[in-house]
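[1] No letters, just coordinates:
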Ligand SMILES: *[C@@H]1O[C@H](CO)[C@@H](O)[C@H](O)[C@H]1NC(C)=O
Ligand SMILES: *[C@@H]1O[C@H](CO)[C@@H](O)[C@H](O)[C@H]1NC(C)=O
């Protein structure tokens, strides 16, 4: 696959056949009422005083940049004949919880490609240092106001719309959280891969910690085949007020040690809601991953 290949948006709509397999289960099953009852933060109190439903206006933002040391032009790479960014966008459009989906990019080629297949595009500055900053800048540039921003990473072209809806509902149901994200079962062979981020959660489905190391760590120093280890998926949603301050929060010791942005949220005492989903992670990080994902899609008859 040539990552620099010219974008040729395809008009056929993406397949949804993998979606039905996703079951967002356990954690967001906590009754909204119970979550409200335990939400004591002043923040939550202010929100709850508003009449009607909570955090109702939701935007999905797909941050996309052209420059990438490992994989330049990644968003435009063709996956079974369709640019990766288009596949991600088509999946996001199927999520019922999103009022609006936009691509945020600093690159004209990406912008042209996305407009070509019908996406709304927000041009963000080249100074954005990461996807979170790009989402924040895009949020400020949007005409309408939103309560929740879903950061949909463009390198997960097989993201299920149900996962997007699941994290949105989780954040709507947990007024004391400012952030929500998803995990899936960790494969035993990934236990010691530092690029696979592990997560542990409390009884109510709030994140306790994320690590590149294996957590929890069994006393025997081996992987416990019985333990349901959790793998963090890149998708996340934020309360839009929190997103405004998130990039500005000073880096924290655990964040710096693990090189994991999300630890800054926990270290500052904010709560993060985590849902567990069934999902085969097919992130495209390097050119080699394109063939793997195409192989997977052919096997499953996804087009
Ligand atoms: C560690 O893993 C083993 C299985 O390999 C399990 O039987 C044991 O309960 C786990 N915890 C401790 C503290 O050993
Ligand atoms: C984005 O990048 C900048 C610079 O590396 C960093 O300060 C900031 O914490 C990053 N992450 C987020 C979530 O904004």
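    Yep, that arrived. Note that the structure is a prediction, hence the values are computed from the model and not measured. Ligands and ions are numbered 1, 2, ... in the order given.
[2] Can you tell me which residues in the stretch 201-303 of the chain are near ligand 2?
    Applying CB under 6 Å from any ligand atom, we find that the stretch 201-303 of the chain lies next to ligand 2 at 246-247, 251, 261. Yep, even glycine has a C-beta here, placed from its N, CA and C like the rest.
[3] which one of those sits closest to ligand 1?
    Within the set of these, residue 261 lies nearest ligand 1; the separation is 30.5 Å, counting by CB to the nearest ligand atom.
[4] which residues of the stretch 201-303 of the chain fall in helices?
    When assigned using DSSP state H, counting those that start in this stretch, the helices of the stretch 201-303 of the chain occupy the ranges 240-245, 253-258, 263-267, 288-299.
[5] and those helices, which one is worst for confidence?
    Mean pLDDT across the helices of the stretch 201-303 of the chain is lowest at helix 288-299; the value there is a mean of 93.
[6] which strands and helices sit next to that helix?
    Using 3 or more CB pairs under 8 Å, 6 or more residues apart in numbering; DSSP states H and E as the contact criterion, the neighbours of helix 288-299 among helices and strands are strand 78-79.
[7] Strand partners (parallel or antiparallel) of the strand it packs on?
    Looking at strand 78-79 with DSSP bridges, its partner strands are strand 82-83 (antiparallel).
[8] For residue 159, give its distance to residue 167.
    11 Å (CB to CB, to the nearest Å).
[9] Now do the shared contacts for these two.
    residue 235 (CB atoms under 8 Å, 6 or more residues apart in numbering).
[10] Just list whatever residues bridge to residue 123.
    For residue 123, the residues forming beta bridges with it (DSSP bridges) are residue 105.
[11] nearest spatial neighbour of residue 188, skipping sequence neighbours?
    The spatial neighbour of residue 188 that comes closest, neighbours along the chain excluded (CB to CB, 6 or more residues apart in numbering), is residue 223 at 5.5 Å.
[12] Can you list the residue ranges for strands in the stretch 101-250 of the chain?
    With DSSP state E, counting those that start in this stretch as the definition, the stretch 101-250 of the chain shows strands at residue ranges 120-123, 148-151, 177-185, 198-201, 207-211, 230-239.
[13] ok, and what's touching the fifth one?
    Contacts with strand 207-211, where a contact means CB under 8 Å, 6+ apart, come from 181, 197-202, 215, 232, 258, 260, 262-263, 266, 271-274.
[14] Show me what counts as buried in stretch 115-133.
    Of the residues in stretch 115-133, those with enough neighbours to count as buried (16 or more other CB atoms under 10 Å) are 117, 119, 121-122, 124, 128, 131-133.
[15] near ligand 2, which of those show up?
    When the buried residues of stretch 115-133 are checked against ligand 2 using CB under 6 Å from any ligand atom, the ones in range are 132-133.
[16] can you list the buried residues of stretch 115-133 in a markdown table and add pLDDT and distance to residue 206?
    Shown next, in a markdown table, are the buried residues of stretch 115-133 (pLDDT from 0 to 100; distance: CB to CB, whole Å):
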| residue | pLDDT | distance to residue 206 |
| --- | --- | --- |
| 117 | 97 | 38 |
| 119 | 98 | 34 |
| 121 | 98 | 35 |
| 122 | 97 | 31 |
| 124 | 96 | 31 |
| 128 | 90 | 29 |
| 131 | 90 | 23 |
| 132 | 93 | 20 |
| 133 | 93 | 25 |
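[17] so, if you compare the buried residues of stretch 115-133, which one comes nearest to residue 148?
    When those are compared for distance to residue 148 (CB to CB), residue 132 comes out closest, at 14.3 Å.
[18] list the contacts for the residue nearest in space to the middle of the chain?
    Residue closest to the average C-alpha location in the chain (CA atoms, centre = their mean): residue 235, at 1.1 Å. When contacts are counted by CB under 8 Å, 6+ apart, residue 235 touches 150-153, 156, 159, 163-164, 167, 181-182.
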